[in-house]
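Trainee: Sequence first, predicted model second:
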Amino acid sequence: MVWVKSLRVQSPFRTPSRLVHNAVQQIGNRPPSVFEIRSSPNKGLGVFATKEIPRDGLIMRDPLVFRIEHGEDPVQRYLRFTMLPGTTQRAILGLAARQNAKESLAVAKKVRVALGENDWDLVTKIRHFLFEDKKLADDIAKVVHLEDVITTNAHGIYPDNNSVGGLFLNAARINHSCIPNAEPKLSTDDEDKVLRANRDIEAGEEITASYIVHIQPRKARQKLLSLDGWDFTCKCPACDTSHPFSHSHEQRLQAFDRLCLDSDMDGKNVDLKHGGAWSYAALEQAADKTQGRIELLDGHHSLRNFSRQLYLRAFGIAIAKYRMRRLRSDLEDTIKCLEVVIESDKDWYGENHIITRHHKEHYDRLQRGEMSGV
């Protein structure tokens, strides 16, 4: 893998910013605000940069204001919501809601079906001590409106698919783009929502994030936005077919898709690090395809974050090749791929996260020529 030789100096996760004179804030600090919330054309409110923000620069560190617990029914959640300070409740209810529950009778029916008959008695009992003399349908409308706010605005607290959700008042104002200029990062110290720039952002520019996995072609992205209930058609430069950028970006994503479909080792639960039944030639072919996929992702700022898994894959292929033939060049490739993975770990998880430490341990073993435990 000749392409691996330049990874140390060309890591996509550490490309210098032209705004490097602006110090990048550490995640543990609360910097002066670099954004404001104001009207965004055809989008309601949005978040805008008030000064230049360099790539990797900290945009916001937004505290969690309401945690969404797994398995909690809407009524229990609403009861917990009413225990928040009044100012926090009003701020949450002021967020955009995908479906504002105004027709209370229709809402009551919707919630009754959702809760089931077994829970309906609980709802009526709660009404007597919580809602005083208001109509039950109006009471339930409030419950459903909170659910609508949560559905529209909740973010995962941690970077995994099973994370509990939460509401963050500033992050909730960030509008969607399929080529976002900001990405969430893990805060290892608390449950704040941390966002960093993935490219240089100009003063006055709108800050955007992606609501979906935006590595897919346009049609799939639009379908995801529809299925997940945001109920809008994205008009970002990647989705607006009249925009000059749209065609080239679509070609990039379609080429990536083709390489994924053409990869023999994908989707087969293959332990690449140990080679399995794959020949050295097959591993070399897999390395070439992985290289092609990485180059496509590294070619645009909004896609680089997805390349981490591919560098892990390249690491697995290189180490399988080394186990097979013990070539020094394959060991060097293994080490360089792992260097890039560790840089990504630091960027995403932080220096002291268990995943970062785990990969550093592998790296130290490989530097000593040890293969056990890798």
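Mentor: Received, thanks.
Trainee: how near is T87 to H145?
Mentor: Separation of T87 from H145 (C-beta to C-beta, to the nearest Å): 18 Å. Any C-beta I mention is one placed from the backbone N, CA and C, and that applies to glycine too.
Trainee: In terms of neighbours, single out the busier of those two.
Mentor: A count of neighbours by other C-beta atoms under 10 Å puts H145 above the other of T87 and H145, at 18 against 8.
Trainee: What count of nearby residues applies to D333?
Mentor: Residues near D333, counting by other C-beta under 10 Å: 25.
Trainee: I figured it was touching A318, is that so?
Mentor: Yes. Counting by C-beta atoms under 8 Å, D333 touches A318, with 4.0 Å between them.
Trainee: Can you report phi and psi for E183?
Mentor: phi -140, psi 140 (degrees, to the nearest 10).
Trainee: quick one: contacts for it?
Mentor: Contacts for E183 were tallied using C-beta atoms under 8 Å, 6 or more residues apart in numbering; they are L195, R196, N198, A209, N305.
Trainee: Can you give me the buried ones in the host helix or strand of R67?
Mentor: Assigned by DSSP states H and E, R67 falls within strand 66-68. Going by neighbour count (16 or more other C-beta atoms under 10 Å), the buried part of strand 66-68 is F66, I68.
Trainee: now it, how far from the chain's geometric center?
Mentor: Once both centres are worked out by C-alpha atoms, centre = their mean, to the nearest Å, strand 66-68 turns out to sit 18 Å from its chain's centre.
Trainee: One more: stretch 232-244?
Mentor: The answer for stretch 232-244 is 21 Å, by C-alpha atoms, centre = their mean.
Trainee: Give me the contacts around it.
Mentor: So stretch 232-244 is contacted by 42, 176-179, 208, 214, 218, 221-222, 225, 245-247, 249-250 (C-beta under 8 Å, 6+ apart).
Trainee: Now go through those and say which are in helices.
Mentor: R218, R221, Q222, L225, F245, S246, H247, H249, E250 (DSSP state H).
Trainee: And the residues you listed, which of them are buried?
Mentor: Looks like these have R218, R221, Q222, L225, S246, H249, E250 buried, using 16+ other C-beta under 10 Å.
Trainee: Show me the strands in the chain, by range?
Mentor: Along the chain, the stretches classed as strands by DSSP state E are 35-40, 44-49, 58-62, 66-68, 155-156, 165-167, 175-176, 182-185, 193-197, 206-209.
Trainee: The ones you listed: lowest mean pLDDT?
Mentor: Among the strands of the chain, strand 155-156 has the lowest mean pLDDT, at a mean of 80.
Trainee: Low-confidence ranges, the protein, go.
Mentor: Of all residues in the chain, those with pLDDT under 70 make up the ranges 1-32, 99-138, 158-163, 186-189, 228-229, 262-277.
Trainee: Go through the lengthiest helix in it and flag the buried ones.
Mentor: Taking DSSP H as the criterion, the chain has its longest helix at helix 328-348. By 16+ other C-beta under 10 Å, the buried positions in helix 328-348 come out as 330-348.
Trainee: can you give me the offset of that helix from its chain's centre?
Mentor: 22 Å.
Trainee: next one: stretch 365-374
Mentor: For stretch 365-374, the distance to the chain centre is 32 Å (C-alpha atoms, centre = their mean).
Trainee: how long is it end to end?
Mentor: Distance across stretch 365-374, first residue to last, is 8 Å (C-alpha to C-alpha, to the nearest Å).
Trainee: isn't Y322 right next to E332, touching?
Mentor: No. Y322 is not in contact with E332 according to C-beta under 8 Å; the separation is 9.1 Å.
Trainee: which residue is nearest the centroid of the protein?
Mentor: P184 (5.8 Å; C-alpha atoms, centre = their mean).
Trainee: For that residue, which non-adjacent residue is closest in space?
Mentor: L195 (5.6 Å; C-beta to C-beta, 6 or more residues apart in numbering).
Trainee: Tell me the bridge partners for that neighbour.
Mentor: Each beta-bridge partner of L195 is listed here, defined by DSSP bridges: M60, P184.
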